[in-house]
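K.L.:
Please work out how this folds:
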Amino acid sequence: MRILVIGGAGYIGAHVAREFLDAGHSVTVYDNLSSGLVQNIFADEEFIEGDIMDFIGLIDVMRQGFDAIVHLAAFKAAGESMLRPEKYAVNNMSGTINILNAAAESGIKYLIFSSSAAVYGEPEYLPIDEKHPVNPANFYGFTKLEIERFFGWYDKLKGLRYAALRYFNAAGYDLNQRVTGLEQNPANLLPIVMEAACGMREDVCVFGDDYDTPDGSGVRDYVHVTDLARGHTAALDTLVRTGSSLTVNLGGGNGISVLEMIESARRITGKDIKYRVTERRPGDPAKMTASSEKARELMGWKALYSDMETIVSSSWKVYKLSKQRAE
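P.N.:
Predicted coordinates:
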């Protein structure tokens, strides 16, 4: 099948594109390179530089005859979304409406969307399944939830079948080091830890160490980015097979604390990674873990590489390689 991966030069997007290529699909990446990197574009895929705010450009591309779209083009920093909601409203929501309208006009049948566990907000129970109430605690999560609702209407009115994949915390790198572009200005824990290990920053900021968890630091569900990428190919297969849209969690299923991640990175890298404890961030829950049982039932998907050892070691190989090249 011909797949258009919008945002395919980014960290997650490059892994998703690689997975579709490995599965034998033809892939075209559409990316404005605002956070994506040219080095994340593979020789066996086509690249078109473009922006989701350019509706005419989207139409021109989609009319080339794609079977499915993967939409990963969103701003994702939860904290920034609370300070600059207009930025997130325009790009995430208006940009997605452009994608939906262009897809409908071009007759594309399937769309896979990178949604987020941020749609759930403060956990009412754990692990979180898809029946959990949705009550976003930040504007970023709100945009993801509203986009899911748009999809429901385009499914009903335009016959556009979709898979909304609610990511938990993406981490790790391709096990064969085929994706080597480092995240730019990361806000997530592991790349910050890796930057500290490489000497790119002095220390890691730990937001609170007095949570009701075994070591006092926050616990999160980390899913290896290759497992996430596998979820996209499984989602497309399921859409084609069943003809029905779906919304599922993609999580590793294991809670890993901030301090556990730092300690694992110290052991694997051999570096004395320093950290400092600061105040909790507003809205951060003590613990958040996923149930991905629905993804297993509907798509036959389960996490294969989302243990802490694989996540940290695969990241360190890429960061160490980048450091060696820089030297």
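
K.L.:
What are the boundaries of the strands in the protein?
P.N.:
With DSSP state E as the criterion, the chain has strands at 2-6, 26-31, 46-49, 68-71, 110-116, 161-167, 169-171, 204-207, 219-224, 246-250, 255-257, 275-278, 287-288.

K.L.:
who wins for proximity to residue 127 among those strands?
P.N.:
Shortest distance between residue 127 and the strands of the chain, using Cβ to Cβ, is found for strand 219-224: 7.8 Å. (C-beta placed from N, C-alpha, C; glycine too.)

K.L.:
by how many degrees do that closest one and strand 161-167 diverge?
P.N.:
Here the directions of strand 219-224 and strand 161-167 differ by 130 degrees (axes from the mean of the first three to the mean of the last three Cα atoms, to 10 degrees).

K.L.:
Can you give me the neighbour number for the spatially closest residue to residue 54 that is not a sequence neighbour?
P.N.:
Nearest non-adjacent residue to residue 54, counting by Cβ to Cβ, 6 or more residues apart in numbering: residue 98, 7.8 Å away. Other residues within reach of residue 98, judged by other Cβ atoms under 10 Å, total 19.

K.L.:
how about residue 98, what does it touch?
P.N.:
Contacts for residue 98 (Cβ atoms under 8 Å, 6 or more residues apart in numbering) come out as 52, 53, 54, 55, 58.

K.L.:
I'd like the distance from the last one to residue 72, if you could.
P.N.:
So the one you mean is residue 58. 15 Å (Cβ to Cβ, to the nearest Å).

K.L.:
Then the first one?
P.N.:
Distance check for residue 52 against residue 72: by Cβ to Cβ, it reads 10 Å.

K.L.:
As a markdown table, the contacts of residue 98 with distance to residue 3, neighbour count and pLDDT would be great.
P.N.:
Output for the contacts of residue 98, formatted as a markdown table (distance: Cβ to Cβ, whole Å; neighbours: other Cβ atoms under 10 Å; pLDDT from 0 to 100):
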| residue | distance to residue 3 | neighbour count | pLDDT |
| --- | --- | --- | --- |
| 52 | 16 | 24 | 98 |
| 53 | 22 | 14 | 97 |
| 54 | 20 | 15 | 98 |
| 55 | 21 | 17 | 98 |
| 58 | 15 | 26 | 98 |
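
K.L.:
In helices only, show me these.
P.N.:
Counted as lying in helices by DSSP state H, out of the contacts of residue 98, are 55, 58.

K.L.:
for the contacts of residue 98, which one is nearest residue 218?
P.N.:
Residue 218 has its nearest neighbour among the contacts of residue 98 in residue 52, at 32.3 Å by Cβ to Cβ.
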